[in-house]
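1. build me a structure from this.
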Amino acid sequence: MTHRIRKACILTGGGDAPGLNAVLRAFVKTCEHEGIAVVGSEDGFEGLIQSSRRLVSLTSKEVRGILPKGGSILGCSNTANPFHYGPEGKDVSQDVVTRIKDNDIDVLVLVGGDGTMNMGLQLQKLGIPIIGVPKTIDNDLGATDITFGFETAVSTATWAIDALHSTAAAHVRVMITEVMGRYAGWIALSAGIAGGADVILLPEMPYDIERVARKIRQRSDQGITFSVVVIGEGAHPKGGAAAEVAKGREGHLPRLGGAGRELEEALEGKVNHEIRTTVLGHLQRGGSPCAFDRTLGTRFGVMAAKLCVEGLVGRMVALKSTKVTSVSLEDAVNHPKLVTAECDLVATARAIGIELGA
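-> Residues are numbered from 1 along each chain as shown. You can find the predicted model right below:
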């Protein structure tokens, strides 16, 4: 689908991810060079929902110096869903459509994960041209080989696991590290391997607590006085379900949390160790993006701008092998990428003796 574009609106939806500012910087600089005006919607869709005063002009001046910064200069929101807005879950999508038209915006560029892309698909059906840029530390969008923010999150989690190794050994403890990722185990698996974890538990592979306890006891029998366990926030025992801090209201996902604590309670009495749980939480989202995520974010921002120049809408930027290209929005949201028992990283973990609980 082609569309003449003179003015673009960009927003950063969902949770933040390291590299968002790299995308914004590259998109604005490229569009400016091509003669396309850019405005940004503050706090995700909030700017488009609330007031035109929350649509801010973006030029090379506004994006100068933001490349190494975490977060987003526009702000993010994972609650501003125009189709289920506020506590009452109102549909304010027509307000968004009206505001886009009143401000002579030719395309809406969404930087976000699967939730944001699904909103984009719905807005597209209402006549709004959409271009997507995949953003999630979870790395669970199947239409792209990798999403920016993932590598920084893995590096942060690996640093934490390294630090926990020394205190685990000093106190003869089992250290459980709970990491983000929702229902995808890519962060847990990658950081667990990189950090030398003894046990890695994934959302996609419900675990047998007896296998986990046996692995820890085997290490004790070998004279190894500590163990390090990495668990994804969506992981759960066989026959159980992911632990939730709060149910999600209509149009919003539940807030996950407590997987590490549940595992700790299940291991009590099964192993002869003190057990401690560390929840990394938003540490994995924050901070300066690594070089890889700065570069990938920049490449994605440039490609999004090129799609604007070519008038190609209904597309999402994607990395395929080493090439940045684009795919249809439908493909972007219809094929989630989850860890499978057959994937190379799982085989690697098993080959070096990591217990996966399944």
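2. residues touching Arg6, list them.
-> 35-37, 104, 106 (CB atoms under 8 Å, 6 or more residues apart in numbering). (Glycine included, C-beta is placed from N, CA and C.)
3. next one: Ser77
-> By CB under 8 Å, 6+ apart, Ser77 lies in contact with 13-14, 43-46.
4. same check, this time on Leu11
-> Counting by CB under 8 Å, 6+ apart, Leu11 makes contact with 40-41, 44-45, 47-48, 74, 108-112.
5. any chance of JSON lines for the contacts of Ser77, columns pLDDT and distance to Gly192?
-> Output for those, formatted as JSON lines (pLDDT from 0 to 100; distance: CB to CB, whole Å):
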{"residue": "Gly13", "pLDDT": "92", "distance to Gly192": "29"}
{"residue": "Gly14", "pLDDT": "87", "distance to Gly192": "25"}
{"residue": "Asp43", "pLDDT": "95", "distance to Gly192": "34"}
{"residue": "Gly44", "pLDDT": "94", "distance to Gly192": "31"}
{"residue": "Phe45", "pLDDT": "95", "distance to Gly192": "35"}
{"residue": "Glu46", "pLDDT": "94", "distance to Gly192": "36"}
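6. just the buried members of these?
-> 13-14, 43-46 (16 or more other CB atoms under 10 Å).
7. farthest-apart pair in the residues you listed, please.
-> Gly14 and Glu46 (12.4 Å; CB to CB).
8. related to what we said a few turns ago, return the subset of the contacts of Arg6 lying in strands.
-> Ala37 (DSSP state E).
9. tell me which of the contacts of Arg6 is nearest to Gln222?
-> Of those, the one sitting nearest to Gln222 (CB to CB) turns out to be Ile36, at 62.8 Å.
10. contacting residues around that closest one?
-> 5-8, 305, 308-309.
11. now, those residues that are in helices?
-> Within the contacts of Ile36, residues falling in helices by DSSP state H are 305, 308-309.
12. lowest-pLDDT helix or strand in this structure?
-> When the helices and strands of the chain are scored by mean pLDDT, DSSP states H and E, strand 244-246 comes last with a mean of 77.
13. in its sheet, what does it sit against?
-> Strand 244-246 pairs in its sheet with strand 255-256 (antiparallel), by DSSP bridges.
14. quick one: the helices in the stretch 51-200 of the chain?
-> For the stretch 51-200 of the chain, applying DSSP state H, counting those that start in this stretch gives helices covering 93-102, 114-125, 150-171, 186-194.
15. out of those helices, nearest to Arg217?
-> Closest approach to Arg217 among the helices of the stretch 51-200 of the chain (CB to CB): helix 150-171, 15.8 Å.
16. buried stuff in the closest one?
-> 150-158, 160-161, 164-165, 168.
17. which of the buried ones among the contacts of Ser77 lies closest to Glu233?
-> Gly14 (15.8 Å).
18. gap between the closest one and Thr177?
-> Distance of Gly14 to Thr177, given as CB to CB, to the nearest Å: 24 Å.
19. do the same with Gln50
-> 39 Å.
20. comparing the two, which shows the higher neighbour count?
-> Thr177 (26 against 18; other CB atoms under 10 Å).
21. the more buried one against Thr278, yeah?
-> Yes: in this structure, Thr177 is within contact of Thr278 by CB atoms under 8 Å, at 5.3 Å.
22. touching both of these two, which residues are there?
-> Common contacts of Thr177 and Thr278, defined by CB under 8 Å, 6+ apart, comprise 160, 164, 260.
23. am I right that Thr298 is in a strand?
-> No: assessed by DSSP: H, G, I helix; E, B strand; the rest coil, Thr298 does not belong to a strand; its assignment is helix.
24. my guess is it meets Val23, correct?
-> Yes: with contact defined as CB under 8 Å, Thr298 and Val23 form a contacting pair (7.4 Å).
25. higher neighbour count, these two?
-> Per other CB under 10 Å, whichever of Thr298 and Val23 has more neighbours is Val23, with 30 against 20.
26. phi, psi of that one?
-> phi -60, psi -50 (degrees, to the nearest 10).
27. how about it, what does it touch?
-> Residues near Val23 by CB under 8 Å, 6+ apart: 12, 111, 133, 135, 148, 297-298, 300-301, 304.
28. before we move on, back to that, now render the contacts of Leu11 as TSV, adding distance to Ser288.
-> Output for the contacts of Leu11, formatted as TSV (distance: CB to CB, whole Å):
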residue	distance to Ser288
Gly40	21
Ser41	24
Gly44	22
Phe45	26
Gly47	25
Leu48	29
Leu74	18
Leu108	28
Val109	24
Leu110	24
Val111	18
Gly112	21
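29. can you say which of those are buried?
-> Here, 16+ other CB under 10 Å leaves 40-41, 44-45, 47-48, 74, 108-112 buried among the contacts of Leu11.
30. count of residues packed around the spatially closest residue to Asp16 that is not a sequence neighbour?
-> Among residues not flanking Asp16 along the chain, Cys76 sits closest, at 4.7 Å (CB to CB, 6 or more residues apart in numbering). The number of residues packed near Cys76 is 24, by other CB under 10 Å.
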